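K.L.:
Turn this into a model:
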Amino acid sequence: MNGRSARPPLWSYWVVLPAFVLLWALAALLIQSPLLPTPLNVLDTLMRECASGELWHHLGATLGRVIVAFALAMVIGTAIGIVMGRSQTTNALFDPLLVLLLNLPALVTIILMYVWFGLVEVAAVMAVVINKIPNVAVTVREGARSLDYRLEEMATVYDFSRWQRLREVWVPQLFPYLMAATRGGLALIWKIVLVVELLGRSSGVGFQLHMAFQVFDVAAILAYSLAFIAVVQLIELAILQPLERRSSRWRQPGAAHA
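P.N.:
Predicted coordinates for the structure are as follows:
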């Protein structure tokens, strides 16, 4: 019992990844091919792109698209999820459409947006938003269905306004579902944005990956991929995890007395 609940030692997190990098370096030195650059070659490419400013320019373009698409998808998807979760009639009306959109491949949406609206920024963002909204709506809908009716009754007894009911009753209960939609959605949106950029934009990490692929520049592909992963992890560690810990403090015994 104690063995199962004990946390693994800190060093155990730093075994597999360094071993993988070591194996990669050995394989690259053994093969001696530009198709498998060494970690140092990739690092050198990364530093060169940083120094030239190209990396920051394209990372900024991708990050901008992610922020806009993510904000729109969360707002629209949350509103749809709450309405569908609170109204069985609305849920019955829109559930088939939600299922259809959930099963629509992201690539199809991206192509359709570009065909209908051209290779413009609005079409790129719309493609990402349309792909993400169903996931947010489904997650929040489950949260809206599980709202505690006793708290609803309390809000009615104390004559809460709509704003008070949303802020004091719904949002705290929906927060775990919103966080699940946020974390899952962020990972999904990053990937969709890369495809959008690869197919129809002239800036962004996806565009740079496409250009590197044209000349089989594997070092550049890996350098931009690593930079991309670093940004995603930074957002996860600096924003999402602290936000989630802070929001769930009330669930911990004795937190109210801390």
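K.L.:
Residue 7: what secondary structure?
P.N.:
coil (DSSP: H, G, I helix; E, B strand; the rest coil).
K.L.:
what ranges of the stretch 51-200 of the chain fall below the confidence cut-off?
P.N.:
Within the stretch 51-200 of the chain, no stretch has pLDDT under 70.
K.L.:
Which residue is the nearest non-sequential neighbour of residue 203?
P.N.:
residue 61 (4.1 Å; C-beta to C-beta, 6 or more residues apart in numbering). Placement of C-beta: from N, CA and C, glycine included.
K.L.:
Mind telling me what element that neighbour is part of?
P.N.:
helix 54-86 (DSSP states H and E).
K.L.:
Show the subsequent helix or strand relative to that helix.
P.N.:
helix 88-102.
K.L.:
Next, the angle from that following helix to helix 54-86.
P.N.:
If you take axes from the mean of the first three to the mean of the last three C-alpha atoms, to 10 degrees, helix 88-102 sits at 150 degrees to helix 54-86.
K.L.:
List of residues touching helix 88-102?
P.N.:
Residues outside helix 88-102 that contact it (C-beta atoms under 8 Å, 6 or more residues apart in numbering): 80, 83-85, 130, 133-135, 137-138, 141.
K.L.:
Stretch 184-194 now?
P.N.:
So stretch 184-194 is in contact with 62, 65-66, 69-70, 73-74, 106, 110, 124, 127-128, 131-132, 135-136, 139, 204-206, 209, 228, 232, 235-236, 240, going by C-beta under 8 Å, 6+ apart.
K.L.:
which among these end up buried?
P.N.:
62, 65-66, 69-70, 73-74, 106, 110, 124, 127-128, 131-132, 135-136, 139, 204-206, 209, 228 (16 or more other C-beta atoms under 10 Å).
K.L.:
mind listing what residue 234 touches?
P.N.:
With C-beta under 8 Å, 6+ apart, residue 234 has no contacts at all.
K.L.:
tell me which element it falls in.
P.N.:
Using DSSP H and E, the element containing residue 234 is helix 218-235.
K.L.:
Let me know the closest of the contacts of helix 88-102 to residue 222.
P.N.:
residue 135 (28.9 Å; C-beta to C-beta).
K.L.:
how far away is that closest one from residue 54?
P.N.:
As judged by C-beta to C-beta, to the nearest Å, residue 135 and residue 54 stand 32 Å apart.
K.L.:
mind listing the helices for the protein?
P.N.:
For the chain, the helices defined by DSSP state H occupy 2-5, 16-31, 39-52, 54-86, 88-102, 106-117, 121-145, 149-157, 162-164, 171-200, 205-214, 218-235, 241-247.
K.L.:
Please find the angle between the direction vectors of the second one and helix 218-235.
P.N.:
Just to be clear, that refers to helix 16-31. Using the same axes, to 10 degrees, helix 16-31 lies at 170 degrees relative to helix 218-235.
K.L.:
returning to that earlier point: can you pick the most crowded of the contacts of helix 88-102?
P.N.:
Highest neighbour count within the contacts of helix 88-102: residue 137, with 27 neighbours (other C-beta atoms under 10 Å).
K.L.:
who are the neighbours in contact with that one?
P.N.:
Counting by C-beta under 8 Å, 6+ apart, residue 137 makes contact with 77-78, 80-81, 84, 98.
K.L.:
can I get the residues you listed in a markdown table with distance to residue 186?
P.N.:
A markdown table is the format used below for the contacts of residue 137 (distance: C-beta to C-beta, whole Å):
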| residue | distance to residue 186 |
| --- | --- |
| 77 | 13 |
| 78 | 15 |
| 80 | 19 |
| 81 | 17 |
| 84 | 22 |
| 98 | 21 |
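K.L.:
out of the residues you listed, who's nearest residue 159?
P.N.:
Nearest to residue 159 among the contacts of residue 137, with distances taken as C-beta to C-beta, is residue 78, at 25.4 Å.
K.L.:
Report how many residues lie close to the closest one.
P.N.:
22.
K.L.:
State the number of residues packed around the residue lying closest to it once chain neighbours are set aside.
P.N.:
Spatially, and ignoring its direct neighbours in sequence, residue 78 is nearest to residue 140 (5.1 Å; C-beta to C-beta, 6+ apart). By other C-beta under 10 Å, 25 other residues sit near residue 140.
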